[in-house]
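K.L.:
Provided below are the primary sequence and the corresponding predicted coordinates.
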Amino acid sequence: MQKLKSIVFVAGVMLLILAAAVGYLSIKYLAAILPADSYEDKGVYTFSPYQVLPVQVQNMGASGRDRRMNPTKTAYMVYYRDTSGSGYQWSQQALTRERGQEIVDAGAAVERRVLSVPADRSYITVEPGQTAESYTARLRQNYITALVLAGAFVILYAAAWCVIWRKGRGG
């Protein structure tokens, strides 16, 4: 019974730390979301795949010693460029090099909406049905959901400790 209690305690503390980190990052990313009027809609462009290249990404699938020994892993990105020649590019991760090469060989065109950020001379691409308003609203909704879930866990954790503390004092 004592071993089960210690496992529950350690798991609870680990989840509390995770919830605090998720809450912090949610607040940080919420504050960094540009307002919808910061984006300039450049319209929908057709992109075609032209190459697959290996890139190094953070190894999020590993844990513990394996992550320390292998902090990065190789992923394969399929690169697209717009067919009108305006210079816009877009990339998407492929599961394997072979799958990425199949996408390039098929040459299937993809439509994406280009949203420009004039303030920093950059752009993003989103699904063709999205607008700057729907894009920022979706980001905001995702971060708020994560923040609410993290906050709910912290509150439940604190409430559980209050109950345990009162029970231990004989109250």
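P.N.:
Sure thing, it's come through.

K.L.:
all contacts plus neighbour counts: C-alpha atoms, from now on.
P.N.:
Fine.

K.L.:
tell me what the top helix by length along the chain is packed against?
P.N.:
If you go by DSSP state H, the chain has its longest helix at helix 132-168. In terms of contacts (3 or more Cα pairs under 8 Å, 6 or more residues apart in numbering; DSSP states H and E), helix 132-168 is packed against helix 2-32.

K.L.:
what's the mean pLDDT across the helix it packs on?
P.N.:
Mean per-residue pLDDT for helix 2-32: 89.

K.L.:
buried set for that helix?
P.N.:
Along helix 2-32, these residues count as buried under the neighbour rule (16 or more other Cα atoms under 10 Å): 15-16, 19-20, 22-23, 26, 30.

K.L.:
just checking, next helix/strand downstream of the least confident helix or strand in the chain by mean pLDDT?
P.N.:
Within the chain, no helix or strand scores below helix 64-69, which has a mean of 74 by mean pLDDT, DSSP states H and E. The element immediately downstream of helix 64-69 (helix or strand, assigned by DSSP states H and E) is strand 72-82.

K.L.:
who does that next one pair up with?
P.N.:
When pairs are called by DSSP bridges, strand 72-82 turns out to pair with strand 40-58 (antiparallel), strand 89-94 (antiparallel).

K.L.:
relative orientation of the first one and helix 132-168 in degrees?
P.N.:
I take that to be strand 40-58. On the basis of axes from the mean of the first three to the mean of the last three Cα atoms, to 10 degrees, strand 40-58 is oriented at 50 degrees to helix 132-168.

K.L.:
roughly how far is strand 40-58 from the heart of the chain?
P.N.:
Remark: strand 40-58 is offset 17 Å from the chain centroid, using Cα atoms, centre = their mean, to the nearest Å.

K.L.:
how about stretch 37-51?
P.N.:
20 Å.

K.L.:
what score does Asn59 have for pLDDT?
P.N.:
Looking at Asn59, its pLDDT reads 75.

K.L.:
going forward can the numbers begin at 445, since that is how I track them
P.N.:
Sure, I'll start counting at 445 from here, so that last one is Asn503.

K.L.:
show me what contacts it?
P.N.:
511, 514-517 (Cα atoms under 8 Å, 6 or more residues apart in numbering).

K.L.:
buried ones among those?
P.N.:
Among those, those classed as buried by 16+ other Cα under 10 Å are Thr516.

K.L.:
lowest-confidence one in the contacts of Asn503?
P.N.:
Arg511 (70).

K.L.:
for that one, what are its contacts?
P.N.:
Arg511 neighbours (Cα under 8 Å, 6+ apart): 503-504.

K.L.:
and if you look at Val570?
P.N.:
Contacts of Val570 (Cα under 8 Å, 6+ apart): 556-559, 579.
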